[in-house]
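Colleague: Sequence and predicted model, in that order:
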Amino acid sequence: MSKAHRGKGIRDQFARGRGTCPVCGRNNVKILYEQEAGGVKVKICKICRAAIKHGKKAVSASEPAAAEA
């Protein structure tokens with residue numbers, strides 16, 4: 001079966017959805033998941049999203065300011 005349509009939703013995004021995660025600081029990872037921090041929505045990576053969901057990490061209000069700069 002063909003897999004031609006995998007990733008079709010992120011092909012139109014800047015750098016195909018890749019960038020630096022504001023939580024963990026890793027670069028060139030897929031930044032696809034929106035998380036609210038301090039009233040501002042930021043995009044984070046899949047691993048940080050899971051860690052926040054399970055209570056292992058927290059997004060602080062200072063991180064969105066660093067992501068916008």
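Modeller: Right, received. Where do you want to start?

Colleague: Residue 2: how many residues sit nearby?
Modeller: In terms of burial, residue 2 registers 5 neighbours under the definition other C-beta atoms under 10 Å. Every C-beta, even on glycine, is put in place using the N, C-alpha and C of the backbone.

Colleague: And stretch 5-13, what's buried?
Modeller: Buried residues in stretch 5-13, counting neighbours by 16 or more other C-beta atoms under 10 Å, are absent.

Colleague: meant to ask about stretch 34-50, not that
Modeller: Of the residues in stretch 34-50, those scored as buried under the neighbour-count criterion (16+ other C-beta under 10 Å) are 35, 37, 42-45, 48-49.

Colleague: Quick check: closest non-adjacent residue to residue 23.
Modeller: The spatial neighbour of residue 23 that comes closest, neighbours along the chain excluded (C-beta to C-beta, 6 or more residues apart in numbering), is residue 48 at 4.2 Å.

Colleague: Report the distance from the helix or strand that neighbour falls within to the chain centre.
Modeller: Assigning secondary structure by DSSP states H and E places residue 48 in helix 46-53. Taking C-alpha atoms, centre = their mean, to the nearest Å, one finds the center of helix 46-53 at 9 Å from the center of the full chain.
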